[in-house]
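1. Coordinates only, no sequence provided:
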């Protein structure tokens, strides 16, 4: 496992409340008449309308998360900091999973700058970096993207740092929604390590990397 930088360590701590909340939602008794899966959905997965880099309108939970294994990160197209390296790592992750991506594993990159990153801009970014089918780049209304970023734990505890997009969290979140298993890791880590972590939430009969 690669050594984490101080910022990566802080970022993972920031993502911990989501993981803890998911675990609590899974194990706690039902008090509202809803299943643990429904409670997790309501708290962390807002069914917001988004637009893909292909110009298609989708709903975050219904179309992107429900019944799927997913890999999620946040980025923006003109980022000159960590985004290119993380995207390059995810290209290698996509290659490692092969034709499963788009079939039973799905990759999503959400923009931090929806005012700038139109579907056309995101499509150009995806093509430039060699993203293949099964990996969607998404934008939406600025307020909705901010809600999504915070619900998923992609924020810094320091408000001054958090509002500076050039210092955004460079983590990758992955999970198996039906099994309610979620995790996170630094997107700048070794791609082989990232693949192994994602494989930890894979379906038992398909987990080839245990």
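-> Cool, the structure landed. Computed from a prediction, not measured in an experiment: that's the story for all the values here.
2. What's opposite the residue nearest the centre of the chain in the beta bridge?
-> The centre of the chain sits closest to residue 72, judged by Cα atoms, centre = their mean, with a distance of 1.5 Å. Residue 72 has these beta-bridge partners by DSSP bridges: residue 108, residue 173.
3. close enough to count as contact, it and residue 105?
-> No - at 11.8 Å, residue 72 does not count as touching residue 105 under the criterion of Cβ atoms under 8 Å. Quick note: C-beta positions are derived from backbone N, CA and C, even for glycine.
4. Show me the common contact partners of these two, please.
-> Here residue 72 and residue 105 have no joint contacts, going by Cβ atoms under 8 Å, 6 or more residues apart in numbering.
5. Tell me the confidence at residue 207?
-> Residue-level confidence at residue 207 comes out at 51, pLDDT.
6. I meant residue 159, not that one.
-> 90.
7. cool, the one 3 residues further on as well?
-> If you check residue 162, the pLDDT there is 86.
8. And for the nearest residue to it once chain neighbours are set aside, the neighbour number?
-> Spatially, and ignoring its direct neighbours in sequence, residue 162 is nearest to residue 156 (4.1 Å; Cβ to Cβ, 6 or more residues apart in numbering). Residues lying near residue 156 (other Cβ atoms under 10 Å) number 17.
9. Renumber starting at 711 from here on
-> OK, 711 is where the count begins now, so the last one is residue 866.
10. can you give me the helices in this structure?
-> 716-737, 746-754, 793-807, 829-839, 852-861, 869-872, 901-909 (DSSP state H).
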